[in-house]
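Engineer: need a structure here:
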Amino acid sequence: MSDLTRLSLRKLRRLMISGEVRPEEVTAAFLARAEARNSCDLSYVAIGAEHALSRAGMVEQAGAFGRLAGIPFSCKDVFDTVALPTTAGSRAMHDYRPLRDARALERLKAAGAILLGKNNLHEFCYGITGANPIFGTPANPHDRRCLAGGSSSGSAVAVANRTAMFALGTDTGGSVRVPASLCGLIGFKPTRGQISLKGVVPFCWSLDHAGILARSCSDAAEVFLAVREADETLVGANADHSERGNSLHGLRIGVPEGVYLENVASDIALRVHQLIAECRRLGAHVIEVVLPDPTYVRTARWPFNSSRPLPGTGEISSAGLICMGKMFAKACFKASSSWPSIMCRLSG
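Structural biologist: Residues are numbered from 1 along each chain as shown. Next up, the predicted model:
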């Protein structure tokens with residue numbers, strides 16, 4: 001059999017269902033690559049080889065049933081795990097011992113997925129470069145002189161370097177989408193609540209989202225269908241688009257007007273416009289949307305982030321509240337709009 005780590009998620013599932021490949025073989029192939037590369041990639045802070053192989057054996061004995069049965073994955077080291085340490089990329093969490101796995105990991109386990117290990121990240125998710133002075137900074141898989149992006153840096157590097165089939169990350173202000181973009185992956189940040197945050201070390205509890213990093217839209221869709229929470233209050237929450245192929249007929253795609261494409265490198269802008277044209281060709285209805293002035297959102301972001309719960313406590317720090325108050329007052333003082341207008345902009 002050719003290198004199993006190069007195959008798509010669906011291809012691996014077909015091979016395991018047909019019996020041509022065993023879950024233990026697939027898990028061993030990804031583990032071998034992860035252990036061989038991690039000293040230079042720095043994408044993992046912990047690899048649980050023994051636990052992963054044991055799980056693969058159990059999945060095989062159960063008949064490899066489940067949407068993701070036998071598929072190896074990794075997760076950002078903010079998802080609680082009983083079998084592996086949970087550090088959030090910091091020494092401050094060295095003695096934290098969760099009593100149960102994060103809800104999202106439980107759902108993936110129920111679908112048969114195999115957790116290989118925990119991914120490196122920007123310490124406490126507090127940055128978009130992915131730099132980590134404790135565990136080292138994961139290198140961009142396409143150019144080691146460049147950053148992989150963050151804060152889900154290790155998750156992106158693991159998927160791009162084929163040391164995991166997919167990975168879970170978290171996204172508050174781009175922490176799944178930025179590293180996915182810089183590493184050439186699909187970064188999917190779904191509607192808040194679609195992937196549970198129960199058992200996830202928070203960055204900013206009111207803005208955090210869990211997300212998926214994968215090599216293709218098809219892979220990301222399969223993972224999402226397995227990990228998502230059923231929520232009847234969300235329109236289309238339980239829709240299954242995994243079999244629609246390349247057709248985008250009936251989908252509406254919004255393209256923002258204004259500053260979003262004005263300050264972009266010409267080659268990237270060209271690719272974005274090519275993608276928009278391809279979406280139209282495949283049947284999508286592309287509409288231009290005007291988003292509110294982001295000035296106040298940017299100003300408000302930092303005090304809200306600073307008031308996040310302290311890791312492991314769920315309590316907001318007094319320093320965060322003071323910072324939030326000072327920055328909010330400063331923003332309001334400088335703003336020329338009235339109070340109602342400011343509040344509308346912030347809440348919008």
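
Engineer: secondary structure class for V297?
Structural biologist: helix (DSSP: H, G, I helix; E, B strand; the rest coil).

Engineer: report pLDDT for it.
Structural biologist: We have a pLDDT of 71 for V297.

Engineer: cool, G63 as well?
Structural biologist: pLDDT recorded at G63 is 84.

Engineer: try F30
Structural biologist: Value for F30, per-residue pLDDT: 98.

Engineer: do the same with the one 4 residues further on
Structural biologist: Listed pLDDT for A34 reads 98.

Engineer: measure it to A83 for me?
Structural biologist: Look at A34 and A83: by C-beta to C-beta, to the nearest Å, they are 16 Å apart. For the C-beta atoms, the positions are set from N, CA and C on the backbone; glycine is no exception.

Engineer: more neighbours: these two, which one.
Structural biologist: Counted by other C-beta atoms under 10 Å, A34 and A83 do not tie: A34 has more neighbours, with 25 against 16.

Engineer: quick check: buried residues in the top helix by length along the chain?
Structural biologist: Using DSSP state H to define each element, the chain has its longest helix at helix 23-41. By neighbour count on 16 or more other C-beta atoms under 10 Å, the buried set for helix 23-41 is 23-31, 33-34, 37-38, 41.

Engineer: what does the helix or strand just after that helix contact?
Structural biologist: Remark: after helix 23-41, the chain's next helix or strand is strand 44-47, criterion DSSP states H and E. For strand 44-47, the surrounding residues in contact (C-beta atoms under 8 Å, 6 or more residues apart in numbering) are 31, 34-35, 38, 74, 77, 84-85, 87, 89, 116-120, 135, 154, 158, 163.

Engineer: could you identify the buried members of those?
Structural biologist: Buried, going by 16+ other C-beta under 10 Å: 31, 34, 38, 74, 77, 84-85, 87, 89, 116-120, 135, 154, 158, 163, out of the contacts of strand 44-47.

Engineer: and P256, how many neighbours?
Structural biologist: 11.

Engineer: list the contacts for it?
Structural biologist: Contacts for P256 (C-beta under 8 Å, 6+ apart) come out as E288, V289, V290, L291.

Engineer: just among the residues you listed, which is most surrounded?
Structural biologist: L291 (13 neighbours).

Engineer: bridged to the residue nearest to that residue when sequence neighbours are not counted, which residues?
Structural biologist: Spatial nearest neighbour of L291, chain neighbours left out: P256 (5.2 Å); criterion: C-beta to C-beta, 6 or more residues apart in numbering. Following DSSP bridges, P256 is listed with bridge partners V289.

Engineer: how much space between P256 and A220?
Structural biologist: 22 Å.

Engineer: measure how far stretch 175-183 is from the centre of its chain, please.
Structural biologist: Here stretch 175-183 shows a centroid-to-chain-centroid distance of 9 Å under the convention C-alpha atoms, centre = their mean, to the nearest Å.
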